[in-house]
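A.B. asks: got a sequence here, can you build the structure:
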Amino acid sequence: MIPETEPIQLQFLGGAGTVTGSKILIRTQRHRVLIDCGMFQGLKQLRLLNWEKLPVDVEQLDAVILTHGHLDHCGYLPVLVKNGYSGPIHATTPTRDVADVILRDSARIQEEDATQANKYGYTKHRPARPLYTEEDVDRTMPLFEVHSAGEWVILNEDFKFCFRNSGHILGSAIVELKCQGRKFVFSGDLGRRKPLLMDPPALLRDADFLVLESTYGDRQHSQISAYEEMAEVVNHTYEKGGVLVIPSFAVERAQELLLILNTLREEKSIPPISIYLDTPMGIDVTELYLHHRDWHSLSDSECETMMRDVNVVRQFEQSLRVLDKKGPKIVIAGSGMVTGGRVLYYLERLLGNKQNTILLVGFQAPGTRGNLLRSGSDELKIHGNYYKVLAEVRQIGSLSAHADQSELMWWLSHFKEAPFQTFLNHGEAQASEALRLKITDELNWPVTIAQMGVTYEL
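C.D. replies: Sure thing, here's the model as predicted:
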C-alpha cells in the first residue's frame with residue numbers, strides 16, 4: 001500500500017504527447033522541484049510555448065534537476081533564470097559541461113537567426129528577438145551544482161535524490177527521488193541495451209511511481225550493423241561523385257559517426273574520403289569525452305580514432321570554402337533535425353543535385369525540416385526561400401540514442417514488482433499508446449499516458 005502521507009502532485013509542463021520541451025513539476029505543500037527544463041522544438045504551435053509563461057512561480061521553485069544536456073531537456077533554463085529563478089540546477093558533471101556548450105550554441109543561433117531575419121525581412125515580428133542570449137546563459141551556468149552517480153543529495157525535508165546512469169548521452173542520468181517515504185523514478189531519455197559509446201543504463205529494481213520515456217515505444221531499431229549501413233551509403237555516394245551531408249546532433253551522434261567513419265576508412269571498407277566536422281558544438285563535445293572517461297565505454301585509442309584525419313571547421317568562413325573543393329566528401333554538420341545551424345548552408349547549396357545524398361541518422365520530430373525530408377517532401381524552406389529536393393535522402397535506423405520498444409521492456413523487466421503507477425511521457429501519441437498496451441499486456445502494470453498541464457494527485 002502507498003504510505004499515508006500528505007498528497008504529492010505531479011504535473012507535466014512539457015514532454016507530454018510530444019518528444020520535446022521536457023519539464024516535470026513535483027510538489028508537496030512546502031516544496032517544488034522541476035525535473036528537466038527543456039525547450040520546445042519542431043511544430044510552430046510547440047515552439048510558441050517557449051514564449052508563454054510557465055504556470056509556476058519560479059521564485060517558489062526550490063530546485064531544478066537535469067537528466068541530461070540535450071536542448072529539449074535543458075534548453076529553457078536561461079528563460080527560467082531570466083524570469084527570476086536563482087536556485088540550484090543539479091546535474092552530473094558531464095551534463096553541466098554539455099549543457100554549457102549546448103546552451104551557448106543555442107543562444108548564438110537564436111541571436112544570428114534574429115539578426116538575419118531582421119536584415120532580410122523574412123519575419124512577421126518587428127523586430128525578431130532571440131528567446132535568450134549568451135548573456136542569459138552566463139547568468140545560468142553559475143547555478144549548476146554537480147554530483148556523482150549514486151550520490152544522495154538532500155534538497156530539503158521533503159526531497160532527496162540521486163543520479164543513476166541512463167546510457168543515453170555523455171553524463172545522462174536516471175533520477176531516483178525519494179519524497180515522504182515514496183520513491184519516484186524519472187527515466188529521462190533511456191539509452192540502448194548495447195550502446196556504441198555509452199555504458200548500458202543502470203537497472204533499477206523498484207519504484208512507487210515511474211515516469212518513463214516512450215520516444216520509440218511503437219517500433220524496433222534496425223538490427224543491421226550501423227557500420228554496414230554507413231559503408232553502403234558512403235560507397236554509393238562516392239560512386240555517384242557526390243557529397244554526403246549528415247545533419248547530426250552534436251552530442252553522442254557526431255561522436256558515433258566519427259568513430260564509425262574513421263574505423264571504416266582504416267579497414268578500407270570505404271575510400272579514403274575527406275571528412276569535415278562542421279559543428280563547433282560537436283567539436284567541443286567530442287573533446288569532453290577525453291575529460292569524462294568514467295561516463296563512456298570508449299578506450300583512449302578509440303577516442304583518438306574519432307578525430308583522426310578529420311577536417312575541423314570552426315568558423316563560418318571556413319564553411320564557405322568546404323564546397324569549393326571539388327569531388328566526393330562527407331560533411332557532418334549541425335543540427336540533427338535540420339532545425340538550424342550550419343547544415344542549412346550546405347543544404348541550400350546541395351539539395352538541388354541528385355548526385356548528393358542527405359543522410360538522416362536520428363529521430364526527426366514532426367514539424368522539423370528533417371521530418372519533411374524523411375517523409376519525401378519535394379522542397380524545403382530555408383531562410384525564407386524554397387529549395388527543390390533533388391538530392392537522394394537516406395536514413396540509417398540502427399543509430400539511435402533511445403531505447404526501442406523491446407529495450408524499454410527489457411529495462412522494465414528488472415523491476416521486482418509493479419510500481420503503483422507508471423506514467424509515459426516524451427513520446428508522440430501513437431508511440432506512447434503502443435508502449436502502454438505492451439506494458440499492460442505483458443507486465444499487467446497500471447499505466448497512464450501523461451497529459452500536458454494535467455496535475456496528478458499521488
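
A.B. asks: now do the contacts for the residue lying closest to G188 once chain neighbours are set aside.
C.D. replies: Spatial nearest neighbour of G188, excluding adjacent residues (Cβ to Cβ, 6 or more residues apart in numbering): T67 at 2.8 Å. Every C-beta, even on glycine, is put in place using the N, C-alpha and C of the backbone. Residues in contact with T67, defined by Cβ atoms under 8 Å, 6 or more residues apart in numbering, are 22, 35-36, 73, 95, 166, 172-175, 186-189.

A.B. asks: and for H70?
C.D. replies: G38, I102, I169, D189, F249, V251.

A.B. asks: what of D72?
C.D. replies: Taking Cβ under 8 Å, 6+ apart as the test, what D72 contacts is G15, V19, T20, G21, S22, G38, M39, F40, Q41.

A.B. asks: rewinding a little: give me the phi and psi for the residue nearest to G188.
C.D. replies: T67 adopts backbone torsions of phi -80, psi -40, taken as degrees, to the nearest 10.

A.B. asks: coming back round to it: closest one to R27 out of the contacts of H70, please.
C.D. replies: G38 (18.6 Å; Cβ to Cβ).

A.B. asks: separation between V98 and H291?
C.D. replies: 11 Å (Cβ to Cβ, to the nearest Å).

A.B. asks: more neighbours: which of those two?
C.D. replies: Ranked by neighbour count (other Cβ atoms under 10 Å), V98 and H291 place V98 first, with 29 against 11.

A.B. asks: what about that one, which SS state?
C.D. replies: helix (DSSP: H, G, I helix; E, B strand; the rest coil).

A.B. asks: again with V33
C.D. replies: Per three-state DSSP, V33 ends up strand.

A.B. asks: same question, L373
C.D. replies: Assigned with three-state DSSP, L373 falls in the helix class.

A.B. asks: surely it is in contact with V338?
C.D. replies: Yes - with contact defined as Cβ atoms under 8 Å, L373 reaches V338; the gap is 6.8 Å.

A.B. asks: residue contacts, Y345?
C.D. replies: F316, S319, L320, A333.

A.B. asks: can you lay out those residues as JSON lines showing distance to W411 and pLDDT?
C.D. replies: Putting the contacts of Y345 into JSON lines (distance: Cβ to Cβ, whole Å; pLDDT from 0 to 100) gives the following:
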{"residue": "F316", "distance to W411": "42", "pLDDT": "77"}
{"residue": "S319", "distance to W411": "40", "pLDDT": "82"}
{"residue": "L320", "distance to W411": "45", "pLDDT": "78"}
{"residue": "A333", "distance to W411": "33", "pLDDT": "93"}
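
A.B. asks: of all those residues, which two lie farthest apart?
C.D. replies: Most distant of those, by Cβ to Cβ, are L320 and A333, 12.9 Å apart.

A.B. asks: need the residue closest to the centroid of the protein.
C.D. replies: By Cα atoms, centre = their mean, the mean C-alpha position of the chain lies nearest to H70, the distance being 4.0 Å.

A.B. asks: where does it land on pLDDT?
C.D. replies: pLDDT for H70: 95.

A.B. asks: picking that back up, so for L320 and A333, which sits in the more crowded spot?
C.D. replies: A333 (27 against 12).

A.B. asks: residues touching the closest residue to W445 other than its chain neighbours, list them.
C.D. replies: Residue nearest to W445 in three dimensions, not counting chain neighbours: A418, with 4.3 Å by Cβ to Cβ, 6+ apart. When contacts are counted by Cβ under 8 Å, 6+ apart, A418 touches L443, N444, W445, P446.

A.B. asks: swap in 10 Å and give it another go.
C.D. replies: D206, A207, L210, L412, I439, L443, N444, W445, P446, V447 (Cβ atoms under 10 Å, 6 or more residues apart in numbering).

A.B. asks: check contacts around the second one.
C.D. replies: Looking back up the chat, that one is A207. A207 touches 176-177, 182-187, 415, 417-422, counting by Cβ under 10 Å, 6+ apart.

A.B. asks: which pLDDT value belongs to it?
C.D. replies: Reported pLDDT for A207: 98.

A.B. asks: so it sits in a strand?
C.D. replies: No - per three-state DSSP, A207 lies outside any strand segment and is coil.

A.B. asks: what's the closest non-adjacent residue to it?
C.D. replies: A207's closest residue in space is V185 (Cβ to Cβ, 6+ apart), at 4.0 Å.

A.B. asks: quick one: secondary structure of that neighbour?
C.D. replies: With three-state DSSP as the criterion, V185 reads strand.

A.B. asks: for stretch 446-458, buried residues please.
C.D. replies: V447, I449, A450, M452, Y456, L458 (16 or more other Cβ atoms under 10 Å).

A.B. asks: would you reformat these as a markdown table and include secondary structure, distance to M198 and pLDDT?
C.D. replies: Conversion of those to a markdown table gives the following (DSSP: H, G, I helix; E, B strand; the rest coil; distance: Cβ to Cβ, whole Å; pLDDT from 0 to 100):
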| residue | secondary structure | distance to M198 | pLDDT |
| --- | --- | --- | --- |
| V447 | strand | 27 | 98 |
| I449 | strand | 27 | 98 |
| A450 | coil | 26 | 98 |
| M452 | coil | 29 | 96 |
| Y456 | strand | 31 | 97 |
| L458 | coil | 31 | 94 |
